[in-house]
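Novice: below is the structure, and that's it, no one-letter string:
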């Protein structure tokens with residue numbers, strides 16, 4: 001690991017502070033300061049060592065940057081677009097720093113244990129916040145704190161004010177997305193003799209995601225679990241069961257989002273029940289469709305895109321869909337860039353699947369695939385690509401592939417050396 005213990009400490013601070021939105025200003029906080037310091041150390045060492053620099057996702061990000069710059073030509077909001085460009089540069093720099101920092105799997109695993117351990121504690125607080133146990137010091141400013149005053153004066157009103165759990169996040173969807181990514185990053189960790197812990201802790205993460213009431217995060221988590229189930233059936237060579245499970249998973253997801261099932265359950269729950277968020281999917285989809293229509297209407301007037309982050313001016317809460325938002329804000333070029341970016345990630349996972357030699361490496365690859373597909377599903381209902389946790393997942397995918405390629409290269413050299421030694425002995 002470049003930078004040694006100091007860099008690992010800075011990365012750990014970044015992981016510890018990631019869910020604490022109470023201490024952020026315009027989405028930036030102490031964790032980002034630690035990351036910027038780590039960036040300075042890492043890139044200085046890379047320059048001094050004349051080390052090889054890995055630049056994955058370069059093509060996809062270049063297209064996204066071009067789309068973002070073209071979107072500024074509309075002149076609808078120069079300051080907003082400029083801020084969005086700075087955010088994109090920062091997230092990509094964060095990703096590149098991680099990919100070029102960890103040269104050994106052990107250091108990377110220690111960082112991931114800190115990050116996912118913090119997420120597990122965050123999951124505990126998410127559940128507690130749904131039960132009405134909130135700590136003002138950890139809770140972001142706003143409506144959540146207002147509910148605390150009702151605890152003693154009107155307990156019933158306090159319970160009704162809880163709503164969906166968000167823990168230390170400003171909204172429950174952000175909490176759900178963070179826990180979704182942390183869940184699969186944890187499942188991807190090689191725990192050796194403690195592998196059995198993945199079952200209870202993974203189930204705990206899933207329960208916490210459910211308590212957030214985030215449709216996208218929960219369905220994404222279920223999709224990832226479906227991928228792991230299919231991977232297990234495929235590994236066992238049970239082709240017929242694999243086909244049946246694939247069909248069952250598809251039908252189940254369709255049944256959940258169908259406009260028929262939702263309305264049947266809609267009247268069974270009050271707005272204070274966490275299940276309410278899940279049974280009103282059809283109603284939410286109708287509203288989302290109206291929002292997307294507004295975005296496409298604005299796009300017709302500005303074919304190059306209306307400008308990054310400008311969709312909030314078209315619809316008060318944005319597009320609620322990464323794919324629509326990229327197309328509307330960054331035009332066709334930016335949308336293609338997003339698709340190329342995901343394509344590069346899938347290619348890296350395919351390489352990892354080919355290079356993996358052990359069962360542990362296979363399941364690490366499958367867990368990362370489950371997390372990627374899960375967040376891609378969530379991106380159909382929320383704009384999830386602008387968060388730090390997602391870029392940590394991206395880095396985890398490429399680091400896993402790099403570690404496997406390095407280990408494969410060492411194994412090849414070792415075998416070649418043995419053959420050369422045997423040849424010399426025979427001669």
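Specialist: Perfect, I can see it now. Quick caveat: nothing in here was measured; it's all calculated off a predicted structure.
Novice: please work out which residues outside stretch 325-333 touch it.
Specialist: Outside stretch 325-333, the residues within contact range by Cβ atoms under 8 Å, 6 or more residues apart in numbering are 63-64, 66-68, 70-71, 295-296, 298-299, 303-311, 314, 318-319, 334-335, 337-338, 383. For every residue, glycine as well, the C-beta is placed using N, CA and C.
Novice: do the same with stretch 187-202
Specialist: Contact partners of stretch 187-202, identified using Cβ under 8 Å, 6+ apart, comprise 109, 112-113, 116, 120, 183, 186, 228, 360, 363-364, 367-368, 370-371, 396, 400.
Novice: now do the SS call for residue 14.
Specialist: Using DSSP: H, G, I helix; E, B strand; the rest coil, the structure places residue 14 in helix.
Novice: from residue 129, how far off is it?
Specialist: Residue 14 sits 23 Å away from residue 129, going by Cβ to Cβ, to the nearest Å.
Novice: for residue 103, same thing?
Specialist: Separation of residue 103 from residue 129 (Cβ to Cβ): 39 Å.
Novice: higher neighbour count, these two?
Specialist: Taking neighbours as other Cβ atoms under 10 Å, residue 103 and residue 129 compare with residue 129 leading, 26 against 14.
Novice: what about that one, which SS state?
Specialist: Residue 129 - assigned by three-state DSSP - is helix.
Novice: and if you look at the one 4 residues further on?
Specialist: What three-state DSSP gives for residue 133 is coil.
Novice: what's the local residue count around it?
Specialist: Neighbours of residue 133 using other Cβ under 10 Å come to 11.
Novice: for it, which residues are in contact?
Specialist: Listed by Cβ under 8 Å, 6+ apart, residue 133 has no contact partners.
Novice: same check, this time on the one 5 residues further on
Specialist: Taking Cβ under 8 Å, 6+ apart, we find residue 138 in contact with 20, 22, 125, 167-168.
Novice: rerun at 10 Å
Specialist: 19-23, 122, 125, 129, 167-168 (Cβ atoms under 10 Å, 6 or more residues apart in numbering).
Novice: residue 379 now?
Specialist: 177, 216, 220, 320-326, 338, 342, 385, 390.
Novice: please enumerate the helices of the stretch 251-400 of the chain.
Specialist: With helices called from DSSP state H, counting those that start in this stretch, the stretch 251-400 of the chain shows them at 261-266, 276-279, 281-301, 311-314, 322-355, 359-378, 388-426.
Novice: per-residue confidence averaged over the longest one?
Specialist: Per-residue pLDDT values over helix 388-426 give a mean of 73.
Novice: can you give me the mean pLDDT across stretch 24-34?
Specialist: Stretch 24-34 carries an average pLDDT of 87.
Novice: and the end-to-end length of that stretch?
Specialist: The first and final residues of stretch 24-34 sit 13 Å from each other (Cα to Cα, to the nearest Å).
Novice: so what touches it?
Specialist: Identification of contacts with stretch 24-34 by Cβ under 10 Å, 6+ apart yields 9-23, 36, 83, 87, 90, 94, 140, 170, 386-388.
Novice: check stretch 104-115 too.
Specialist: Against stretch 104-115 from outside (Cβ under 10 Å, 6+ apart): 1-5, 7-9, 11-16, 18-19, 98, 101-102, 181-182, 185-186, 188-191, 389, 392, 395-396, 399-400, 402-404, 406-407.
Novice: out of those, which end up buried?
Specialist: Buried by 16 or more other Cβ atoms under 10 Å: 1-3, 7-8, 11-16, 18-19, 98, 101-102, 181-182, 185-186, 188-189, 389, 392, 395-396, 399-400, 402-404, out of the contacts of stretch 104-115.
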